[in-house]
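> build me a model:
(one chain, ligands or ions: 1)
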Amino acid sequence: MCVGCRQRSEATDLVRVAVREDDGPPELVVDGTRTMPGRGAWLHPRRDCVSAAVRRKAFGSALRVPGLTVDPDDLAEAIGGITEGNGRNGRNR
Ligand SMILES: [Zn+2]
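Residues are numbered from 1 along each chain as shown. Okay, here's the model as predicted:
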């Protein structure tokens, strides 16, 4: 399920994000390989889903990291190839 729009989607349509906690504060990273350990959250690679998830602090609750701060622009950039609006991401095979 997408943490932005809360709609179910095929995993192939979603991007996995996870939290990396090394030394510093917890940091949200895009899990391009989908194999990072720990809790992950899934969302559409769409700007409106990114901003909805950030606005609602959905990452903090989905990943059980209260107070996790996420910059929507940074995240959108990290996801890459993000689409504006409601279009499909165009990367389906
Ligand atoms: Zn979504």
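
> how distant is the host helix or strand of residue 50 from the center of its chain?
Here residue 50 is covered by helix 47-55, with elements defined by DSSP states H and E. A distance of 9 Å separates the centroid of the chain from that of helix 47-55, by CA atoms, centre = their mean, to the nearest Å.

> gap between the following helix or strand past that helix and the chain center?
For helix 47-55, the following helix or strand on the C-terminal side (DSSP H and E) is helix 58-62. Computed by CA atoms, centre = their mean, the chain-centroid distance of helix 58-62 equals 10 Å.

> what residues sit buried inside helix 58-62?
Residues of helix 58-62 classed as buried by neighbour count (16 or more other CB atoms under 10 Å): 58, 59, 60, 62. Any C-beta I mention is one placed from the backbone N, CA and C, and that applies to glycine too.

> what's it packed up against?
Applying 3 or more CB pairs under 8 Å, 6 or more residues apart in numbering; DSSP states H and E, one finds that helix 58-62 makes contact with strand 40-43.

> close to the ion, is the strand it packs on?
No: against the ion, strand 40-43 shows no contacts by CB under 5 Å from the ion, the least distance being 5.6 Å.

> quick one: contacts of that strand?
Applying CB atoms under 8 Å, 6 or more residues apart in numbering, the external contacts of strand 40-43 come out as 1-4, 9, 11, 14-18, 31, 34, 49-50, 53, 58-59, 62-63.

> any chance of CSV for the buried residues of helix 58-62, columns pLDDT and distance to residue 39?
As requested, the buried residues of helix 58-62 are arranged in CSV below (pLDDT from 0 to 100; distance: CB to CB, whole Å):
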residue, pLDDT, distance to residue 39
58, 96, 13
59, 96, 10
60, 94, 11
62, 95, 7
